[in-house]
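In: Sequence plus the predicted model coming up.
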Amino acid sequence: MLCGVVFPPVATAEKPFIAILCDHNKDPYKQLALAFIAEITKSDPTIESEIFHLEHSGNDQAKSIKISSRKPLLVLAIGSRAFTFATHQFPKSPLIVTMVVERPTVDKSISCTGVLLTTPPSIHLQWLKRFLPDVRKIGLLYGPQKNSSWLKEARETVPSTEYEIFAEAINKPNDIPKALKKIVRQSETLLSLPNSEIYSRKTAKQILLTTFKNRIPFVGPSRAWVKAGALYALEWDFSDIGRQCADIARDILNGTPTHQIAFKDPVTF
């Protein structure tokens, strides 16, 4: 008869885990997420990351349970829906948010920082001077909820001796025709701000035709608008934004409190 001692199985330590939540599975979101994973893995090859797409809400609860079971060190939220999901489901996890325009308003108990999809007024002016050196009157269509911070910064930092800013608030798409009429009378260019409610497929024809007919150069929100007739557009380098988020994640993992890390702007266009 053989006898032996049975040892209990050795518990294996869980690998450090980062949850990545995405609003969509579209190219910019993919580029950003994959660049983040590549960069953070350079710092610590033991870190595991997984991308969770939130396009279909039917299995959100299952995703939440799966993520919670792995006890994420932090959460990267790519998009506004991902941000909302993260704050509701993982309020105690350090949170990095990107692919949003305005700094999100959160409860003080939630630790949050990230990279905002904004182009500072100073960067816009650099490019305006290159393309339109004689322009002095800048027209803007802006959303009070999404673009007020940018407009406030522009009014405070843009030299009034060099430029005049004419801004028209858009609360709903029906406000655009009247606002455009004012802009083309007052301004020498129309500068777009990131706002999908103002600049969309439904409004493109109207905005492009109005600026073209009135010979107002239009600075579009993306390369698709340039193909349709805008003079030029500043686009973010989404892979570089992913690397910026990874830099923030490194700081958090090295012990820097999330609330001490300021929100950043993209650095590469």
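Out: Thanks, I have it. Numbers count the residues shown, from 1 in each chain.
In: The nearest residue to L180 once chain neighbours are set aside: neighbouring residues, count only.
Out: Leaving aside its chain neighbours, L180 sits nearest to T210 (4.9 Å; criterion: CB to CB, 6 or more residues apart in numbering). From N, CA and C alone the C-beta is placed, and that goes for glycine too. When neighbours are defined as other CB atoms under 10 Å, T210 has 18 of them.
In: where's T210, which helix or strand?
Out: In this assignment (DSSP states H and E), T210 forms part of helix 201-213.
In: do K152 as well
Out: helix 148-157.
In: What ranges in the chain fall below the confidence cut-off?
Out: 1-13, 56-58 (pLDDT under 70).
In: where do the strands sit along it?
Out: Secondary structure of the chain (DSSP state E): strands located at 17-22, 48-53, 74-78, 95-98, 112-115, 137-142, 164-169, 189-191, 218-220, 232-233.
In: what's the closest of these to L32?
Out: L32 sits nearest to strand 74-78 of all the strands of the chain, at 5.9 Å, using CB to CB.
In: could you give the angle of the closest one to strand 17-22?
Out: Put simply, strand 74-78 runs at 10 degrees to strand 17-22, going by axes from the mean of the first three to the mean of the last three CA atoms, to 10 degrees.
In: which residues are in contact with strand 74-78?
Out: Residues from elsewhere that reach strand 74-78 (CB atoms under 8 Å, 6 or more residues apart in numbering): 18-23, 29, 32-33, 36, 67, 83, 85-86, 90, 93-99, 114, 245, 249, 252-253.
In: Out of those residues, which end up buried?
Out: Among the contacts of strand 74-78, those scoring as buried are 18-23, 29, 32-33, 36, 67, 83, 85-86, 90, 93-99, 114, 245, 249, 252-253 (criterion: 16 or more other CB atoms under 10 Å).
In: list the contacts for V97?
Out: L76, A77, I78, A82, F83, A86, P104, C112, T113, G114 are the contacts of V97 under CB under 8 Å, 6+ apart.
In: what's the nearest residue to K15 if we skip its chain neighbours?
Out: E48 (5.0 Å).
In: got it, and S149?
Out: Take S149 and drop its neighbours on the chain: the residue closest to it by CB to CB, 6+ apart is E102, 6.0 Å away.
In: I'd like the distance between the one you found and T119.
Out: 13 Å (CB to CB, to the nearest Å).
In: if we can go back for a sec, just the closest of the contacts of V97 to I216, please.
Out: Using CB to CB, these come closest to I216 at P104, 33.3 Å.
In: And the residue most central in space within the chain, how far from V75?
Out: What sits nearest the mean C-alpha location of the chain, by CA atoms, centre = their mean, is M99, with 2.0 Å. Note on M99: its distance to V75, by CB to CB, is 14 Å.
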